[in-house]
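Peer 1: Sequence and predicted structure below; questions after.
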Amino acid sequence: MHYYKCLLIWITIHLVVPFDINFGSCTQYPANQDNQANVGQAIAIDPNGYIAYCPCMGRWGNQADQFLGSLSFSRGLNRTLILPPWVEYPEWSPGTSVQIPFDKYIRVQPLSQYHRVITMETFMSNLAATVWPPNKRIGFCFYYRENKQCAMKEGNPFGPFWNHFEIQFKSYVEYGNRIGGGNAYYSFNEHVRSAWNQNFPAEKYPVMAFSGPPGDFPVKAHDRLLHKYVKWSKFISGKVKTFIKDSLDKQRFVAIHLRMGSDWKSACQHLKDHEAKNYMESPQCYGDNNVKPIPYKVCYPSENDIFRQTKRIARKYNVTNVFIATDESSVRDRLEQKFKKEQIRIVSLNPPEPHVELAIIGRAEHAIVNCISSFSGFAKRERDAKNKPTTFWSIK
């Protein structure tokens, strides 16, 4: 059974890059598709140290938010950021997680224009034995749980993440009481940076391995700008190019993202039950200091509002194709019937592929997205970096 589980994991991941696979432990270290020059060559050790972390909060949108904060944090401390694999939760194996190499979806080289980075697979294969030998692996957490230990591997996805690289921690440190509390990740602040360097010098702590991302959710406004260094991999870009050619005939289009599933509707109910002024990704459209309650319809717009707003944008840009990415197929089907009368074609990716859908949204003439969704937040940042217009549901 273990063999077949590993085989399924391998098939899930393998569609991009070659792997050295050990089916006994499910260990997989892919070659870096952006830095092929590293293959067969010695990689210099960064004397300033490294930062590693488990992207263990939420799914893609949340992980991407906190990645930007972690990238900023690493530059502030002048340590190389070890790019973790993305954590995904396969439907075919509930209660488990798989680790998808970072560069399956996002290119590595453009990130290096901002700061030094290395994939976790490359680091573990080429540098870990020297820089971070097994007897010197220390886990970092904000506060200890009990017995002066960090819960680095407690539960899913924490355990599977570190076990994927066969990492065992020999000791732990807590940093919340040594670094500016809630401001611990603002490493561009001189006092915060000094506190980190004084308490955890690279000579003693060459790798700071965090139990979770050293970055905020939602992403802070100043870190949103880093999205200009986030570029889709050739694997994703190739799929987008093929879709636009085959399904859109290379014609101009607008795009919409709809979160309409039952789980999302339940999450939006919070805005009915409480007068929330800040909720999930809402700072992207209301700012960090919003003083007015967020309307429910901003989170969960009515189908009539969706139809009217989409129709208005399609007419404005004189397009007859609307690409839709949604978690609720019945909504898509009803919109498709409505738009037929307007001679507007609804187009979607079948079967759905969230990362490809995001990249398609990034190419649209105009996109309408959800203010509260971190998935939408990724699309908004990408479009901002390209100076492309984006609006939100039910916000004028």
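Peer 2: All right, it came through fine.
Peer 1: correct me, but Tyr143 touches Glu174?
Peer 2: Yes - using CB atoms under 8 Å, Tyr143 is in contact with Glu174, at 5.2 Å. For glycine as for every other residue, the C-beta is placed from the backbone atoms N, C-alpha and C.
Peer 1: Which one's more surrounded, the two?
Peer 2: Glu174 (16 against 9; other CB atoms under 10 Å).
Peer 1: tell me the domain ranges of the protein?
Peer 2: 2-224, 236-392 (automatic domain parsing).
Peer 1: What distance separates the opening and closing residues of the shortest one?
Peer 2: It stands for domain 236-392. 25 Å (CA to CA, to the nearest Å).
Peer 1: one step back: out of the domains of the chain, nearest to Val230?
Peer 2: Across the domains of the chain, Val230 has its closest neighbour in domain 2-224 (5.9 Å, CB to CB).
Peer 1: which stretches of the stretch 1-150 of the chain have low pLDDT?
Peer 2: Along the stretch 1-150 of the chain, segments meeting pLDDT under 70 span 1-41.
Peer 1: Which stretches in it count as strands?
Peer 2: For the stretch 1-150 of the chain, the strands defined by DSSP state E, counting those that start in this stretch occupy 19-22, 27-30, 50-53, 80-83, 86-88, 98-100, 117-119, 138-141.
Peer 1: among those strands, which is the most enclosed?
Peer 2: strand 80-83 (a mean of 25; mean count of other CB atoms under 10 Å).
Peer 1: That one pairs with which strands, and in what direction?
Peer 2: strand 50-53 (parallel), strand 117-119 (parallel) (DSSP bridges).
Peer 1: most centrally placed residue in this protein?
Peer 2: Centroid-nearest residue in the chain, with CA atoms, centre = their mean: Ala64, separated by 2.2 Å.
Peer 1: how about the nearest residue to that one, chain neighbours excluded?
Peer 2: Spatial nearest neighbour of Ala64, excluding adjacent residues (CB to CB, 6 or more residues apart in numbering): Phe378 at 5.1 Å.
Peer 1: That neighbour: helix or strand, and which one exactly?
Peer 2: Assigned by DSSP states H and E, Phe378 belongs to helix 374-385.
Peer 1: got it, and Gly215?
Peer 2: Element membership for Gly215 (DSSP H and E) is empty, with no helix or strand holding it.
Peer 1: contacting residues around it?
Peer 2: Asp65, Gln66, Phe67, Leu68, Gly69, Ser70, Leu71, Ser72, Phe73, Tyr185, Asp223 (CB atoms under 8 Å, 6 or more residues apart in numbering).
Peer 1: thinking the first one is in contact with Gly377, fair?
Peer 2: Yes - between Asp65 and Gly377 a contact is recorded at 6.6 Å, counting by CB under 8 Å.
Peer 1: what residues are shared contacts of those two?
Peer 2: Common neighbours of Asp65 and Gly377, using CB under 8 Å, 6+ apart, are Pro218, Val219, Glu281.
Peer 1: Kindly indicate which of those lies nearest His227.
Peer 2: Among these, and counting by CB to CB, the member closest to His227 is Val219, at 8.7 Å.
Peer 1: What residues of stretch 209-225 count as buried?
Peer 2: 209-220, 223-224 (16 or more other CB atoms under 10 Å).
Peer 1: among those residues, which are in helices?
Peer 2: Using DSSP state H, the subset of the buried residues of stretch 209-225 located in helices is Asp223, Arg224.
Peer 1: mind giving me TSV with the buried residues of stretch 209-225 and columns for distance to Lys250?
Peer 2: TSV is the format used below for the buried residues of stretch 209-225 (distance: CB to CB, whole Å):
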residue	distance to Lys250
Ala209	46
Phe210	44
Ser211	47
Gly212	43
Pro213	39
Pro214	42
Gly215	38
Asp216	40
Phe217	37
Pro218	35
Val219	33
Lys220	38
Asp223	35
Arg224	31
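Peer 1: out of the buried residues of stretch 209-225, who's nearest Asn289?
Peer 2: Proximity of those to Asn289 (CB to CB) peaks at Lys220, which lies at 12.7 Å.
Peer 1: I figured the closest one hits Ser70, correct?
Peer 2: No - using CB under 8 Å, Lys220 is not in contact with Ser70; the gap is 11.8 Å.
Peer 1: How about the contacts made by the closest residue to Gln343 other than its chain neighbours?
Peer 2: Once flanking residues are discounted, Gln343 sits nearest to Thr320: 6.3 Å by CB to CB, 6+ apart. By CB under 8 Å, 6+ apart, the contact set of Thr320 is Gln251, Ala314, Gln343, Ile344, Arg345.
Peer 1: Out of those, which comes closest to Asp46?
Peer 2: Nearest to Asp46 out of these is Gln251 (CB to CB; 47.3 Å).
Peer 1: Any idea how many residues pack against that closest one?
Peer 2: 12.
Peer 1: ok but it is inside a strand, no?
Peer 2: No - assignment of Gln251 by DSSP: H, G, I helix; E, B strand; the rest coil gives coil, placing it outside any strand.
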